[in-house]
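Q: starting from these lines, generate the structure:
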Amino acid sequence: MSQGIENIKSALRAPPSSKEAESGVLGSILLDSQRVMDICEQNALTAESFYEKRNQLIYETLRSMSHASLTIDTLTVCEKLRTMNILDDCGGVSYIQSLIDQTPTAAHSEYYVGIVRQKHLLRTIIRYAREAEADCYRESTSADLLLGEIEQKFLSIADHKDGSTINWPQAINNTVNYVDRLFALGAGGVAGLPCGLMNLDKKLKGLRNGEMIVLAARPSMGKTSLAMNIVECVSSGKNIYGQPMKADHNRRHPVGVFSLEMSTESLALRMLCGMAGVPAFKIDQGMLNRKKVNTALTRTASELKDAPIFVDDTGGLDVMDLRARARRMKKRYKIELLVIDYLQLCHYREFARQGRQIETSQISGQIKAMAKELNIPVIVLSQLSRNPEQRGDKTQKPKLSDLRDSGAIEQDADVVLLLRRPCKAPKDEEHDDLRLAIVDVAKHRNGPTGEVRLDFDEELTRFGNRTDTESDTSGFNVRDE
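A: Below you'll find the predicted structure:
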């Protein structure tokens with residue numbers, strides 16, 4: 001008797017849903033359509049994910065408008081629903097407006113999306129469970145066959161989750177092909193994306209897809225310059241000296257840059273002057289021949305303007321917003337490399353109140369997840385703590401433990417590059433070598449570690465290859481006519 005009452009109560013229960021979360025998602029889309037729709041797509045949200053019928057209709061309309069790159073706001077959405085003759089079915093103009101009124105900010109959209117998705121999964125589980133129960137009372141099907149069908153249904157729920165899998169034999173074949181490619185390239189070959197600096201490519205064998213590469217240094221060591229030199233080479237298909245990278249078939253690769261510290265104009269000026277061989281500070285001081293400089297800059301600008309570089313210089317980005325923007329870059333421009341300058345300037349609202357160490361560890365985890373999701377190398381710049389200067393080591397050589405704010409950065413990274421310049425350490429034996437820069441490959445998940453010696457011209461903020469027979473100490477100059 002009691003079991004029967006429980007069954008009746010169970011049948012009368014309302015399916016799991018959250019009216020507030022559904023309104024929050026729709027309201028967030030109306031407030032910030034591009035970012036929030038990316039989050040919805042990432043979480044595989046469909047019209048079925050919403051419980052209320054009118055919310056299903058509205059979301060499907062918003063989704064179709066987003067795919068068509070149409071402007072999304074109250075006016076355009078209401079007009080679209082009216083054209084489709086479903087405005088009244090969706091609650092009218094007043095309901096659409098109420099979605100915005102009930103959602104003061106789109107900052108928590110990911111939280112709302114998570115709730116809607118969880119409720120949808122629960123409803124799906126309940127539906128399959130009820131169908132399984134009904135099938136069990138039909139004795140026309142064998143129990144073994146029924147068990148297989150039920151198991152397949154429940155396993156299909158996981159297929160709606162994000163992520164992809166690859167079968168083991170295919171993974172082995174891909175690995176064998178990768179090894180064959182390494183042999184074909186020879187000892188000096190680069191299997192990943194070449195960075196344009198021969199000494200660094202020899203050590204890293206290129207920048208590999210899905211890897212998080214951390215480039216860390218103390219302030220004023222040149223980490224932004226090194227990252228932008230790599231961006232220049234990758235996007236132009238030429239090495240740091242302007243020579244075609246034959247191993248890469250002289251291909252240009254689209255590159256995305258998130259510059260949280262410098263403006264797009266500042267980065268462009270630095271890259272333009274570096275490529276042209278013109279010290280920017282000497283231009284400001286009027287120390288160079290104007291005609292010669294203009295000729296060099298004009299020639300370089302004609303080359304640089306065609307480079308597939310896409311810069312977002314929005315400051316203080318939330319890491320989830322950054323991921324959404326990166327996803328759009330990949331979709332729209334097919335970027336093959338992403339650079340973030342720099343990690344400590346990112347934020348994560350959800351963990352901001354839990355301390356900077358926890359927030360930084362979560363940011364690092366999100367960047368690593370983004371590299372795997374987009375399947376491209378991600379170079380993220382990071383600050384180092386003052387420990388190298390306080391240890392009393394005359395070389396002031398940094399260690400992995402010096403990565404600022406969180407040890408999670410060291411754990412998440414596939415490659416960690418620690419940049420230092422001996423001329424900045426007064427007690428270093430190579431202090432007098434003003435051009436020497438050392439990149440310590442302190443962590444390399446898929447290869448060897450060790451130091452890479454480079455040249456650095458501080459006037460041009462430009463790195464170069466260094467050999468044991470290095471004799472040219474004159475630095476870079478304006479290109480010859």
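
Q: residue 309 contacts residue 231, correct?
A: Yes: using CB atoms under 8 Å, residue 309 makes contact with residue 231 at a distance of 6.3 Å. (Glycine included, C-beta is placed from N, CA and C.)

Q: so for the two, which residues contact both of them?
A: Listed as contacting both residue 309 and residue 231 by CB atoms under 8 Å, 6 or more residues apart in numbering are 255, 257.

Q: for residue 337, phi and psi?
A: The phi/psi pair for residue 337 (degrees, to the nearest 10) reads phi -150, psi 140.

Q: ok, it to residue 265 distance?
A: 21 Å (CB to CB, to the nearest Å).

Q: more neighbours, the two?
A: Comparing residue 337 with residue 265 by other CB atoms under 10 Å, the one with more neighbours is residue 337, at 23 against 10.

Q: was I right to think the more buried one contacts residue 379?
A: Yes: judged on CB under 8 Å, residue 337 makes contact with residue 379 at a distance of 7.2 Å.

Q: all helices of the stretch 51-200 of the chain, in order?
A: Applying DSSP state H, counting those that start in this stretch to the stretch 51-200 of the chain gives helices spanning 53-67, 74-83, 92-101, 109-136, 143-159, 168-185, 198-204.

Q: the fourth one versus helix 53-67: what angle between them?
A: Going by axes from the mean of the first three to the mean of the last three CA atoms, to 10 degrees, helix 109-136 is angled at 120 degrees with respect to helix 53-67.

Q: model confidence over helix 109-136, on average?
A: Confidence over helix 109-136 (mean pLDDT, whole number) is 89.

Q: next one: the fifth one
A: The average pLDDT within helix 143-159 is 68.

Q: about what we covered before: could you identify which of the helices of the stretch 51-200 of the chain is most buried?
A: helix 198-204 (a mean of 21; mean count of other CB atoms under 10 Å).

Q: starting at the chain centroid, how far to the helix or strand just after that one?
A: Tracing the chain past helix 198-204, the next element assigned as helix or strand by DSSP states H and E is strand 212-217. Remark: strand 212-217 is offset 14 Å from the chain centroid, using CA atoms, centre = their mean, to the nearest Å.

Q: which secondary structure elements does strand 212-217 sit against?
A: helix 223-236, helix 356-374, strand 378-383, strand 415-420 (3 or more CB pairs under 8 Å, 6 or more residues apart in numbering; DSSP states H and E).

Q: how about it as CSV, C-alpha atoms only?
A: Written as CSV, here are the backbone C-alpha positions of strand 212-217 (Å, rounded to 0.1, in the frame of the first residue of the first chain):
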residue,chain,number,x,y,z
MET,A,212,50.2,25.2,-22.8
ILE,A,213,53.6,26.9,-23.0
VAL,A,214,54.4,29.3,-20.2
LEU,A,215,57.0,32.0,-20.8
ALA,A,216,58.0,33.5,-17.5
ALA,A,217,60.5,36.2,-16.5
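
Q: that older thread, shared neighbours of residue 337 and residue 379, which are they?
A: 207, 230.

Q: how near is residue 390 to residue 232?
A: According to CB to CB, residue 390 stands 35 Å off from residue 232.

Q: those two - which one has more neighbours?
A: Neighbours were counted for residue 390 and for residue 232 using other CB under 10 Å; residue 232 has more, 24 against 9.

Q: contacts only, for the more buried one.
A: 196, 240, 271, 274-275, 307.

Q: for residue 117, see how far away it is.
A: For residue 232, the distance to residue 117 equals 41 Å [CB to CB].

Q: now the strands for the stretch 351-481 of the chain?
A: Along the stretch 351-481 of the chain, the stretches classed as strands by DSSP state E, counting those that start in this stretch are 378-383, 415-420, 436-444, 450-457, 462-465.

Q: save those strands as TSV, and put in mean neighbour count, mean pLDDT and distance to residue 298 too.
A: As requested, the strands of the stretch 351-481 of the chain are exported to TSV (neighbours: other CB atoms under 10 Å; pLDDT from 0 to 100; distance: least, CB to CB, whole Å):
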stretch	mean neighbour count	mean pLDDT	distance to residue 298
strand 378-383	25	91	30
strand 415-420	25	91	32
strand 436-444	20	90	30
strand 450-457	19	89	22
strand 462-465	23	88	19
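
Q: which of the helices of the stretch 51-200 of the chain sits closest to residue 301?
A: With CB to CB, the closest approach to residue 301 among the helices of the stretch 51-200 of the chain belongs to helix 198-204: 26.3 Å.

Q: tell me which other helices or strands that closest one touches.
A: strand 436-444, strand 450-457.

Q: what is the orientation angle of the first one with strand 450-457?
A: Think strand 436-444. Interaxial angle of strand 436-444 relative to strand 450-457 (the same axes, to 10 degrees): 150 degrees.

Q: who does strand 436-444 touch, helix- and strand-wise?
A: With contacts taken as 3+ CB pairs under 8 Å, 6+ apart, strand 436-444 sits against helix 198-204, strand 415-420, strand 450-457.

Q: before we move on, back to that, dump the helices of the stretch 51-200 of the chain to JSON lines, plus distance to residue 44.
A: JSON lines is the format used below for those (distance: least, CB to CB, whole Å):
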{"stretch": "helix 53-67", "distance to residue 44": "12"}
{"stretch": "helix 74-83", "distance to residue 44": "22"}
{"stretch": "helix 92-101", "distance to residue 44": "22"}
{"stretch": "helix 109-136", "distance to residue 44": "8"}
{"stretch": "helix 143-159", "distance to residue 44": "10"}
{"stretch": "helix 168-185", "distance to residue 44": "23"}
{"stretch": "helix 198-204", "distance to residue 44": "35"}
